[in-house]
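Peer 1: coordinates only, no sequence provided:
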């Protein structure tokens, strides 16, 4: 059967919906194969599939010890910061990178959350990338998040081999949220939870 005949048969037998979904599917495949569109497309797909983070059941929450706070970060201007300086307060800790599509997908939500809670919660976005690379990304996206460079591995309780991985640590040192992968950080569920623990 010739290509023309196959196409005619395809359009005769398929519904408009099926033709549209097939077309979108092939566009997605093509987009993932082309280097210049791979990262933006992967970011969009992550935005579509990301969901709200879950709070860990209270009796299963891991508590950080004093030693778990003793590790170092560096500000974007090169000043050392001990993670222990955040001890006793609520910490939103996220390990991320500018090249990571799931990280890029959730970053606008994190920025919105920071806009409203940044004065009451310590936001610590930690990356291993060079400051210039991080700053270029933040400037390009108009983000003003507090980003730190990882200069030392975090303790095992905060360790991860995947990014993004985000922890919400309560004022008493318990990890109440641990989320690997992109998440909807600006939803009502998380905001209600934060409001509740901030009132305690």
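Peer 2: Sure, I can see it. Everything quoted here is computed from the prediction, not taken from an experiment.
Peer 1: strands along the chain, start to end?
Peer 2: Listed in chain order, the strands of the chain (DSSP state E) span 62-63, 72-75, 80-82, 91-95, 122-127, 147-150, 165-169, 174-180.
Peer 1: so which of those gets nearest residue 138?
Peer 2: For the strands of the chain, distance to residue 138 was read as Cβ to Cβ. The smallest value, 6.8 Å, belongs to strand 147-150. C-beta here means a position set from N, CA and C on the backbone, and glycine is covered the same way.
Peer 1: what is the closest one packed up against?
Peer 2: Using 3 or more Cβ pairs under 8 Å, 6 or more residues apart in numbering; DSSP states H and E, the elements in contact with strand 147-150 are strand 72-75, strand 122-127, helix 131-141.
Peer 1: just name the most buried of those.
Peer 2: Neighbour counts (mean count of other Cβ atoms under 10 Å) averaged over each of those peak at strand 122-127, with a mean of 20.
Peer 1: that strand pairs with which strands?
Peer 2: strand 91-95 (parallel), strand 147-150 (parallel) (DSSP bridges).
Peer 1: the inter-axis angle of the longest one versus strand 165-169?
Peer 2: So that's strand 91-95. Computed by axes from the mean of the first three to the mean of the last three Cα atoms, to 10 degrees, the angle separating strand 91-95 from strand 165-169 equals 170 degrees.
Peer 1: pipe the strands paired with strand 122-127 into CSV and attach distance to residue 141 per row.
Peer 2: Supplementary listing: the strands paired with strand 122-127 in CSV, determined by distance: least, Cβ to Cβ, whole Å:
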stretch, distance to residue 141
strand 91-95, 15
strand 147-150, 12
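Peer 1: quick one, which of the ones you listed is nearest to residue 73?
Peer 2: With respect to residue 73, and counting by Cβ to Cβ, the nearest of the strands paired with strand 122-127 is strand 147-150 at 4.0 Å.
Peer 1: that older thread, closest to residue 55 out of the strands of the chain?
Peer 2: Among the strands of the chain, the nearest to residue 55 by Cβ to Cβ is strand 174-180 (5.6 Å).
Peer 1: residue 184 against residue 110, yeah?
Peer 2: No. Contact criterion Cβ atoms under 8 Å: residue 184 and residue 110 do not qualify, at 10.3 Å.
Peer 1: in terms of neighbours, single out the busier of the two.
Peer 2: residue 110 (22 against 16; other Cβ atoms under 10 Å).
Peer 1: can you give me the domain assignment for this structure?
Peer 2: The chain breaks down by automatic domain parsing into domains covering 3-48, 58-199.
Peer 1: deepest of the ones you listed, which one?
Peer 2: Taking mean count of other Cβ under 10 Å, domain 58-199 is the most buried of the domains of the chain, at a mean of 16.
Peer 1: that older thread, what would the domains of the chain look like in a markdown table with mean pLDDT?
Peer 2: As requested, the domains of the chain are exported to a markdown table (pLDDT from 0 to 100):
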| stretch | mean pLDDT |
| --- | --- |
| domain 3-48 | 60 |
| domain 58-199 | 96 |
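Peer 1: could you find the closest non-adjacent residue to residue 72?
Peer 2: Nearest non-adjacent residue to residue 72, counting by Cβ to Cβ, 6 or more residues apart in numbering: residue 152, 4.6 Å away.
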